[in-house]
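S.K.: sharing a sequence plus its predicted fold:
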Amino acid sequence: MPKKLNILMFSGEYDKALAALILANTARDMDVDVTMFFAFWGLCLLRSDDKMNMDGKSFYEKLFSVMTPKGPEELPLSKMNFSGIGKAMMLEMMEDGEAPKLIDFLNGARKNGVKFYSCKLSMEIMGIDKKELIPEVEVMTAQQYLEDALGADMQLFI
Amino acid sequence: MPKKLNILMFSGEYDKALAALILANTARDMDVDVTMFFAFWGLCLLRSDDKMNMDGKSFYEKLFSVMTPKGPEELPLSKMNFSGIGKAMMLEMMEDGEAPKLIDFLNGARKNGVKFYSCKLSMEIMGIDKKELIPEVEVMTAQQYLEDALGADMQLFI
Amino acid sequence: MPKKLNILMFSGEYDKALAALILANTARDMDVDVTMFFAFWGLCLLRSDDKMNMDGKSFYEKLFSVMTPKGPEELPLSKMNFSGIGKAMMLEMMEDGEAPKLIDFLNGARKNGVKFYSCKLSMEIMGIDKKELIPEVEVMTAQQYLEDALGADMQLFI
């Protein structure tokens, strides 16, 4: 039986998402089952600019929607972001080291069979609609997340 | 035998505490045993304004006591707090979505049998007295935390 | 067979590193096997001022090397750092409470047999050379980390 890794992706930061997706892709290469459950700021990673949808959103939800990052490449660094300068530096260093970008790791994870789940309650609070996220995401409750996580060999809160 | 969830609550932020307490309450609904061990900033969640006690505190401990959040509703957001504006927005969105507040989740966890432990060493360093925390908290050493966590099915550092 | 604790040290902050190293040392006292895998900002904890080496670094790597903390005592607090004032206050409180410093916990962990691993990819991206880190560190891939972590009784992402 394959081992199971469960990641709760709470943070919406470039470097933390990079760490999570590198682990997810590596685990899939080792035939480990991988579940990623996106909640709160982590949902920003699954958004994209061209899918933003304002229909039915309240004033605060609209404001929030505009102010938060839309997709992987818009995420800030967790440290030394310096209004984007630190992040630009990090991206240069990644390019110099021939490391793929965050979006490449995200697309790799989608192709390699990482299971993507999004937190129902977070989506309700933030007013995010399923159509605004990447298509393979399934909406899940906290209970469904816990059932999956309690049966995994390893759980990380990132 | 029931499954066991162990959460080390290190952060003192509204959104992270919300995530932790939603998981704790949901796990209790599923008859999972839940231990929450509060350390460092996480202790702020268990304080309350009317229990602040300055007796026997050093100058730094007093200053620290006044500057740090006293109880769940005083915690800032981990992102986009904007001196409280972002948090007020988040609270409006939660109210619109008819989601309970952090303090409701905390009181739910207290009623539903989540075990609350606080870190002895953190309390000593920060000069926090047991009387300043919610009454059901038990003081625990790092060793006692590890014994509990190593026997759990799932551990999260939040 | 001894229990196993695996910590992924991602953050480069004084308080989080303190929490991780207190757990690591306490676990060793209980004869628990401990692996710490240092990635991204966590690598700053293993650096030291006198080992900084600019040879072969790109412009960005040099800049990065100078701007990031070099060793445990240079790490900032994750909250209330206030350009170092909050941290100085925390250090005073630790001294008053007769708690050891972060560097003492690090040296304790080195002496007590905590296994130190550093993330190969992070070192490549950030341009950090093995010679710049404490000598007992072994360089490891994400796959080697996952193999160790999946076999542990408990994993934390800090």
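M.R.: Arrived safely, thanks for sending. Residues are numbered from 1 along each chain as shown, chains lettered A, B, ... in the order given.
S.K.: so where do the strands sit in chain A?
M.R.: Under the criterion DSSP state E, strands of chain A are mapped to A:4-9, A:33-38, A:115-119, A:138-140, A:154-157.
S.K.: what's the spacing between the spatially most central residue of chain A and C:K120?
M.R.: Relative to the mean C-alpha position of chain A, the nearest C-alpha, by CA atoms, centre = their mean, is the one of A:L45, at 3.9 Å. For A:L45, the distance to C:K120 equals 24 Å [CB to CB, to the nearest Å]. Just so you know, the C-beta spots here come from the backbone N, C-alpha and C atoms, and that holds for glycine as well.
S.K.: swap in A:G84?
M.R.: According to CB to CB, A:G84 and C:K120 sit 27 Å apart.
S.K.: with A:T26 instead?
M.R.: From A:T26 across to C:K120, the span is 11 Å (CB to CB).
S.K.: more neighbours: which of these two?
M.R.: More crowded of A:T26 and C:K120, by other CB atoms under 10 Å in any protein chain shown: A:T26, with 20 against 17.
S.K.: mutual contacts of A:T26 and C:K120, please.
M.R.: Contact criterion CB atoms under 8 Å, 6 or more residues apart in numbering or on different chains; residues shared by A:T26 and C:K120: C:141-142.
S.K.: okay, the strands of chain A in JSON lines with mean pLDDT next?
M.R.: Below are those laid out as JSON lines (pLDDT from 0 to 100):
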{"stretch": "strand A:4-9", "mean pLDDT": "98"}
{"stretch": "strand A:33-38", "mean pLDDT": "98"}
{"stretch": "strand A:115-119", "mean pLDDT": "98"}
{"stretch": "strand A:138-140", "mean pLDDT": "98"}
{"stretch": "strand A:154-157", "mean pLDDT": "98"}
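S.K.: adding mean neighbour count and distance to C:G97, write those out as CSV.
M.R.: Listed next are these as CSV, based on neighbours: other CB atoms under 10 Å in any protein chain shown; distance: least, CB to CB, whole Å:
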stretch, mean neighbour count, distance to C:G97
strand A:4-9, 25, 33
strand A:33-38, 24, 38
strand A:115-119, 22, 39
strand A:138-140, 15, 43
strand A:154-157, 25, 29
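S.K.: to chain B, which of the ones you listed lies closest?
M.R.: Of all the strands of chain A, strand A:154-157 sits nearest to chain B, with 4.3 Å by CB to the nearest CB.
S.K.: does chain C sit close to that closest one?
M.R.: Yes. Contact of strand A:154-157 with chain C (CB under 8 Å from any CB of the partner chain) involves A:154-157.
S.K.: got a list of contacts for the longest helix along chain A?
M.R.: Counting residues, the longest helix in chain A under DSSP state H turns out to be helix A:14-29. By CB under 8 Å, 6+ apart, the residues outside helix A:14-29 that reach it are A:5, A:7, A:9, A:11, A:34, A:36, A:42, A:45, A:72, A:75-79, A:87, A:90, A:102, A:105-106, A:108-109, A:112-114, A:156, A:158, C:8, C:10, C:39-41, C:121, C:141-143, C:145-146.
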